[in-house]
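Peer 1: got a sequence here, can you model it:
(chains A and B)
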Amino acid sequence: MAEKIQRIKGTNDIIPGEIEQWQQLEQVIQTVMTRFAYREIRTPLFERTELFARGVGEDTDIVSKEMYTFTDKGGTSLTLRPELTASVVRSYIQNNFQQTSPTVKLWYQGSIFRQERPQKGRFRQFHQFGAEAIGSPYPETDVEIISLFWEILIQLGVSDSVTLKINSVGDEESRNAYRDALRAFLKPGLSELSETSQRRFQTNPLRILDSKDPQDKELTRDAPRLLDYLNDSSAQHYRTVLSLLESLDIPFQQDDRLVRGLDYYTHTAFEFTSDALGAQDAVCGGGRYDGLIGDLGGSDTPAIGWAAGTERLLLVMEALGKKVSEPALDCYLAVLGEAQRPVAFNLLREWRAAGLSCDTDLQRRSLKAQLREANRQNARFVVILGESEREKSMVQIKFMDTGEQTEMSFDAALKKMMDTQ
RNA sequence: GUGGGUGUAGCUCAGUUUGGUAGAGCGCCAGAUUGUGGCUCUGGUGGCCGUGGGUUCAAGUCCCAUCACUCACCCCA
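Peer 2: This next block holds a predicted model:
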């Protein structure tokens, strides 16, 4: 036998028995997105590497070590998308969406690629769905987009086991002021910080705040608080977001250490976490990115969005026992004798066209085996077509829940099955 | 990139300590019922014991290497 070829590390087959959960989740996502008047957008799986380098930030882990990057035959550096906001923003700019409406609300779902070491809830090809509201600087937009994800959680029945953590990193002016204050605070003990935190002291000192290194935690315990450095308009924005969340009864925890890993966030930053997951406990992360569209060559446009991990949300649902039942078959047509095949196929065509899910035997098996198969597939009816039935243009129809069985014409059998959907 | 754990039937796993004919449950196939599912009973299919090398009369079991999976660190969805 030839050697078996295996899946690439960190990728998954989504097989029958699992796909039903995906389909249910996708159905809920699409329904809620549509109710919130977001329109779906699909962008390419790969983009010019530069888009992510500029959009996500050169200093982020994603760009510096996790991207699948390759050169095509024309010598252009391409990258499998490691997130979707940059692609959506690129598309927004390229298609001149700002000309069509002052606020453009988009949602997406699809595969994401990051070359990391896999673990629970982390894969090299995984899936995200997300939403972006582009064009409004106002806090009500922040609240709408947060409540959008909250509504999805409610529809899935998992909102009780997910926690919203929220913070504000302020506008550019506030963040600059805070960054200076933080550096001044950390400078005396700089050499005691972890290696990465020392590097971030230069590149992005805010990130030192959410370091998990125990020594770093100790050293930053009494660090100045970001919220104290918000200027008036940033503070007002944040207050409005929180009070609107309260009026919607969406529970949240303020977390003044929450500084998300991507460079482009401003003002509101938030994360939904679940303790039903392993170490990778974030199911959704997002925030405002008022500077990104300008950075990517568009005109300055405020925007906010989030992205959620599909596999992680499914893990939460699984942990809570939110299982979708296996699909049931309407009708299993048991055929006895190959001479009955032409009639059988015509019946199947008619019944399937009428909207019934029908299956039949393709192994030339005994009636007993065909009934077993029908039972396995949870068939509501078994229709039996043997030689004696065919000669009379009749079938036996068996009701699998009661075991009852009667003989009737082809049309009567169809009518019976349609009437007892 | 670093560390821990695990690799035996389609699936979940025992067997490894103390080397001696590869097992269980579930699933699948069939029979009991010559054209009738589920429950029950009976039988059957299915394994280079991850891979390569070594020690030994003899290796799933001991030794070395290697690969894969998995969890965690870093970081993130």
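Peer 1: residues contacting A:Q98?
Peer 2: Listed by Cβ atoms under 8 Å, 6 or more residues apart in numbering, the contact set of A:Q98 reads A:92, A:104, A:134-135, A:298-299, A:301. To be clear about C-beta, it is placed using only N, CA and C from the backbone, and glycine gets the same treatment.
Peer 1: A:G298 touches A:A86, doesn't it?
Peer 2: No. In this structure, A:G298 is not within contact of A:A86 by Cβ atoms under 8 Å, at 12.0 Å.
Peer 1: neighbour-wise, which of these two wins?
Peer 2: When A:G298 and A:A86 are compared for neighbours, A:A86 comes out ahead with 23 against 19, by other Cβ atoms under 10 Å.
Peer 1: buried sites along the strand or helix carrying the more buried one?
Peer 2: A:A86 is part of helix A:85-94 when elements are defined by DSSP states H and E. Under the neighbour-count criterion of 16 or more other Cβ atoms under 10 Å, helix A:85-94 has A:85-93 buried.
Peer 1: residues of the stretch 251-400 of chain A that sit close to RNA strand B?
Peer 2: Taking Cβ under 7 Å from any atom of the strand as the criterion, the neighbours of RNA strand B within the stretch 251-400 of chain A are A:260-262, A:271, A:278-285, A:307-309, A:311-312, A:336, A:365-369, A:371-376, A:384, A:386-389, A:396, A:398, A:400.
Peer 1: can you select the buried ones among the residues you listed for me in ChimeraX?
Peer 2: Buried residues within those, by 16+ other Cβ under 10 Å, are selected in ChimeraX with:
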select /A:260,262,271,281,282,283,284,285,307,308,309,311,312,336,371,373,374,384,386,389,396,398,400
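Peer 1: in helices, which of the residues of the stretch 251-400 of chain A next to RNA strand B fall?
Peer 2: If you go by DSSP state H, these have A:311-312, A:367-369, A:371-376, A:387-389 in helices.
Peer 1: farthest pair in those?
Peer 2: Spatially, the most separated pair among those is A:R312 and A:S388, at 56.8 Å (Cβ to Cβ).
Peer 1: helices along the stretch 101-250 of chain A, start to end?
Peer 2: Remark: helices assigned in the stretch 101-250 of chain A by DSSP state H, counting those that start in this stretch are A:139-156, A:172-186, A:195-203, A:214-219, A:232-247.
Peer 1: wait, which of the ones you listed is closest to RNA strand B?
Peer 2: Nearest to RNA strand B among the helices of the stretch 101-250 of chain A is helix A:195-203; the distance by Cβ to the nearest atom of the strand comes to 5.2 Å.
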